[in-house]
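*Asks:* Turn this into a model:
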Amino acid sequence: MISLTSRAVSAIEEFIARSKNDVLGLRVKVEALACSGFKYSLSLVSHADLRDKLYRCEGLTLLVDSDSETLLKDAVMDFVDDDSGTGFKFDNPNTTKGCSCSGSC
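*Replies:* As a prediction, the model looks like this:
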């Protein structure tokens, strides 16, 4: 399953502390895109959906649907704040390099 760096944990904890709503945890959803790798969606949620699996990771609750679970195997989520931008970054060994489709990318 996914692992979190200490920077990611700190950022998530800060977002939860700032939330005006009750927070059960962080939902991590992944969609495979044809040529451009994965699209990651992150949201603080107050309840689990029927398809969610709950994981405890570094003291946080992560909610992941079964489709995303496979795509997150051995992925590492980090939080960066540098000259290139601020946000979550994923190092995911499940991402395939290059384009194998017949369309233009």
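*Asks:* Secondary structure element holding the nearest residue to Leu71 once chain neighbours are set aside?
*Replies:* Nearest residue to Leu71, sequence neighbours excluded (CB to CB, 6 or more residues apart in numbering): Val30, at 4.3 Å. Every C-beta, even on glycine, is put in place using the N, C-alpha and C of the backbone. Element membership of Val30, judged by DSSP states H and E, is strand 25-33.
*Asks:* Quick one: mean pLDDT over that strand.
*Replies:* Computed over strand 25-33, the mean pLDDT rounds to 90.
*Asks:* Same question for stretch 83-93.
*Replies:* Stretch 83-93 shows a mean pLDDT of 91.
*Asks:* For it, give me every contacting residue.
*Replies:* Applying CB atoms under 8 Å, 6 or more residues apart in numbering, the contact partners of stretch 83-93 are 8, 11, 37-38, 40, 42, 71-72, 74-80.
*Asks:* Neighbour-wise, give me the winner out of those residues.
*Replies:* With neighbours defined as other CB atoms under 10 Å, the most crowded of these is Met77; it has 25 neighbours.
*Asks:* list the contacts for it?
*Replies:* Contacts for Met77 were tallied using CB under 8 Å, 6+ apart; they are 2-5, 8, 28, 88-90.
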